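Participant: okay, sequence plus prediction incoming.
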Amino acid sequence: MASPAQGNQKLGAATVANAAGAVITRTLLGGWLGLSIGIAVFIVEKSAGWLDGSGWSGAALWALLPLYVAAGVAVVGYAGFWSGTRRAARTILIDTGALRRMVERMLARARKAADARAGAGDAAADADEPPPRGWVGSRVAAIGRGMARTIVDRLGSAAAPEADTGAQVDQIAGELIDDLGLIPSIIGLVLLAATFAVAPIVLA
């Protein structure tokens, strides 16, 4: 019969595997969507005659198709990757309560430091939180550590041992996760749209 610790390990592995699946699935879906967008935009521009009259040979014009496809796959796939990463972060950090535990330990150490009694319990504080395995797990764990520090700074409640910070942790974490990769994804999508719009003008 499996021990509770083994059950927790299996549960953690299953959680990380599901999170990794979300990253892979959304990245692939984003890539397929980007491929479809690239082909569709090329067909629309070619059918509308926006690529005609440029003096370029037919072969040169058709060379735009793989360029559009590659740009679509790269940019939309990148946005899909970050969408999956946000889902994975919620699954590993919030749904399992791992981020709450990180913040609680940081607050506990901060209170001990304020009382000049920190040091001996630091190693034990992290011993009950084994790092997730795999690239996705380690990546999300690193994101979680950064979030935990940010949340502790925002809470500013290290001197309040009885404060119930769980709901606050989840709320702040949700806000931080929503921002993961959002700006670079938006910039990439804007550049992709600009590429589709500028190419006919350049070829005219």
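Facilitator: Happy to help now that I have it.
Participant: may I ask which helix or strand encompasses the most centrally placed residue in the chain?
Facilitator: Centroid-nearest residue in the chain, with C-alpha atoms, centre = their mean: residue 85, separated by 2.8 Å. In this assignment (DSSP states H and E), residue 85 forms part of helix 64-89.
Participant: report the buried residues of that helix.
Facilitator: Under the neighbour-count criterion of 16 or more other C-beta atoms under 10 Å, helix 64-89 has 64, 68-69, 71-89 buried. C-beta here means a position set from N, CA and C on the backbone, and glycine is covered the same way.
Participant: over to stretch 144-153?
Facilitator: Per 16+ other C-beta under 10 Å, stretch 144-153 contains these buried residues: 144, 147, 148, 151, 152.
Participant: can you lay out these as TSV showing pLDDT, distance to residue 201 and secondary structure?
Facilitator: Output for the buried residues of stretch 144-153, formatted as TSV (pLDDT from 0 to 100; distance: C-beta to C-beta, whole Å; DSSP: H, G, I helix; E, B strand; the rest coil):
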residue	pLDDT	distance to residue 201	secondary structure
144	87	45	helix
147	88	43	helix
148	87	48	helix
151	85	47	helix
152	82	51	helix
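Participant: please tell me how far residue 76 sits from residue 21.
Facilitator: Relative to residue 21, residue 76 is positioned 19 Å away (C-beta to C-beta, to the nearest Å).
Participant: report the longest helix in this protein, please.
Facilitator: With secondary structure taken from DSSP state H, the chain has its longest helix at helix 4-47.
Participant: need the next SSE after that helix, C-terminal direction.
Facilitator: For helix 4-47, the succeeding helix or strand toward the C-terminus, using DSSP H and E, is helix 58-62.
Participant: which stretches of this structure have low pLDDT?
Facilitator: Residues of the chain meeting the criterion pLDDT under 70: 1-11, 53-58, 113-133, 156-164, 203-204.
Participant: let's see 50
Facilitator: For the chain, the stretches with pLDDT under 50 are 1-11, 116-128, 158-159, 161-162.
Participant: count of residues packed around residue 35?
Facilitator: A count of nearby residues for residue 35, using other C-beta atoms under 10 Å, gives 17.
Participant: so it touches residue 75, yeah?
Facilitator: No: with contact defined as C-beta atoms under 8 Å, residue 35 does not reach residue 75; the gap is 11.2 Å.
Participant: residue 105 versus residue 198, what's the distance?
Facilitator: From residue 198 to residue 105 the distance is 51 Å (C-beta to C-beta).
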